[in-house]
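> here is a sequence with its predicted model. Questions after.
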Amino acid sequence: MVSGPAIDENSNEDNIMKKNNSTKTAELRQKRDIPLTVPTDLTRSAVKDIAGAMNAILADVFALYLKTKNFHWHMSGPHFRDYHLLLDEHGDQLYAMTDPIAERIRKLGGLTIKSIGQISRIQRVLDNDADYVDPADMIAELAEDNQTLAARLREAHNVCDEDRDVATASLIEVWIDETERRTWFLTEIKRGRQH
């Protein structure tokens, strides 16, 4: 009987497994590096501009939603019930905007906000972390924030107009109307408190 070098079957299996694992790892890395593109006739530059404008709006809407809910939770005073219910309705409107904004960005092939930390870096709506805010000041601050949001929505609409993105522009038009309605209600309450 001729004896040759001993063949270690475990060694061959280990080599095969290492090769398979390295192939799978390479495939996963390649998939990870492929951008989340979506077919669109808009230019890359247009998608980047629109996604940037809409992510800023999304961050502002999340920030304004949380501020509105904060004031809703901490409302006090003789008009508690009316203000509490109004701010709950406003919060619902704002929250309802978030998913359509993010999905519109994705439909264009852009990337959306991924975390609260990213929201805090992008948002332009100022937080209010005070332990106590007078109800009249809450109403005034929200009126101003909503008015500013309407102006920023118009700026985003202009970006969409420049890049011929009528679908995003039409959504923005509805959000401007809703935001102006919130501003109107809050301003009338504020005006009533001044007399």
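Received the coordinates, thanks. Residues are numbered from 1 along each chain as shown.
> what about residue 78, helix or strand, and which?
Using DSSP states H and E, residue 78 falls within no helix or strand.
> ok, it to residue 60 distance?
31 Å (C-beta to C-beta, to the nearest Å). Yep, even glycine has a C-beta here, placed from its N, CA and C like the rest.
> of these two, which one has the most company?
Neighbour count, other C-beta atoms under 10 Å: between residue 78 and residue 60, residue 60 has more, with 22 against 8.
> isn't the more buried one right next to residue 149, touching?
Yes - counting by C-beta atoms under 8 Å, residue 60 touches residue 149, with 5.9 Å between them.
> shared neighbours of those two, anything?
Contact criterion C-beta atoms under 8 Å, 6 or more residues apart in numbering; residues shared by residue 60 and residue 149: residue 125.
> show me where this structure has helices.
For the chain, applying DSSP state H gives helices covering 9-33, 44-73, 80-107, 116-122, 135-162, 166-194.
> now for these, which one comes closest to residue 129?
Nearest of the helices of the chain to residue 129, taken as C-beta to C-beta: helix 44-73 at 8.5 Å.
> who are the packing partners of that closest one?
Under the contact definition 3 or more C-beta pairs under 8 Å, 6 or more residues apart in numbering; DSSP states H and E, helix 44-73 sits against helix 80-107, helix 116-122, helix 135-162.
> pick the most deeply packed of those helices.
Comparing the helices and strands packed on helix 44-73 by mean neighbour count (mean count of other C-beta atoms under 10 Å), helix 135-162 comes out on top with a mean of 19.
> let me know the angle separating that one from helix 80-107.
20 degrees (axes from the mean of the first three to the mean of the last three C-alpha atoms, to 10 degrees).
> and helix 135-162, how far out from the chain middle?
16 Å (C-alpha atoms, centre = their mean, to the nearest Å).
> circling back to that earlier point, export the helices of the chain to a markdown table and tack on mean pLDDT?
Converted to a markdown table, the helices of the chain look like this (pLDDT from 0 to 100):
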| stretch | mean pLDDT |
| --- | --- |
| helix 9-33 | 67 |
| helix 44-73 | 97 |
| helix 80-107 | 97 |
| helix 116-122 | 97 |
| helix 135-162 | 98 |
| helix 166-194 | 93 |
